[in-house]
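Peer 1: coordinates only, sequence not included:
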């Protein structure tokens, strides 16, 4: 649409308006949730409880880690991420591969910001040995970045739901 607006030398909003006038709606190629899941709500409640403590020294000691699978798809099928379609006739796309390619990222952060992140090999997941190794690496990084945190009462490790 931006290319159309540029080609016609008109504002982008005018192109959107004309598409809407002829009954087109913008459909994204992915599902976006609009409500929090029960798990997301429990995380929010836990975070609210921690913040209600209002003890800055306590909050500055929290070190947290989480892992996330990142799906990636390198196919070039020429389809844009969003399309303008008729309201009455939704376009059906073929089912995605039931075994998508994915890679896990491990992220560590604390009150001062991001401490470390690492991408594992495709399909590889965190093992107990790898987790212990990452904890040791984070302790060394904290000694360099936040020595006072390590020397005093020590960091508080908050991991996932534990």
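Peer 2: Arrived safely, thanks for sending. All of these numbers come straight from a predicted model, not from anything done at the bench.

Peer 1: give me the domain ranges for the protein.
Peer 2: 1-31, 33-159 (automatic domain parsing).

Peer 1: rank those domains by pLDDT, which is bottom?
Peer 2: Ranked by mean pLDDT, the domains of the chain end with domain 33-159 at the bottom, a mean of 74.

Peer 1: can I get the domains of the chain in TSV with mean neighbour count?
Peer 2: Every residue, glycine included, has its C-beta placed from N, CA and C. Conversion of the domains of the chain to TSV gives the following (neighbours: other Cβ atoms under 10 Å):
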stretch	mean neighbour count
domain 1-31	11
domain 33-159	12
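
Peer 1: how much space between residue 148 and residue 110?
Peer 2: 13 Å (Cβ to Cβ, to the nearest Å).

Peer 1: residue 35 now?
Peer 2: Taken as Cβ to Cβ, the span from residue 35 to residue 110 is 30 Å.

Peer 1: contacting residues around the residue nearest the centre of the chain?
Peer 2: Among the residues of the chain, residue 68 comes closest to the average C-alpha position under Cα atoms, centre = their mean, at 7.9 Å. Taking Cβ atoms under 8 Å, 6 or more residues apart in numbering, we find residue 68 in contact with 104-105, 107.
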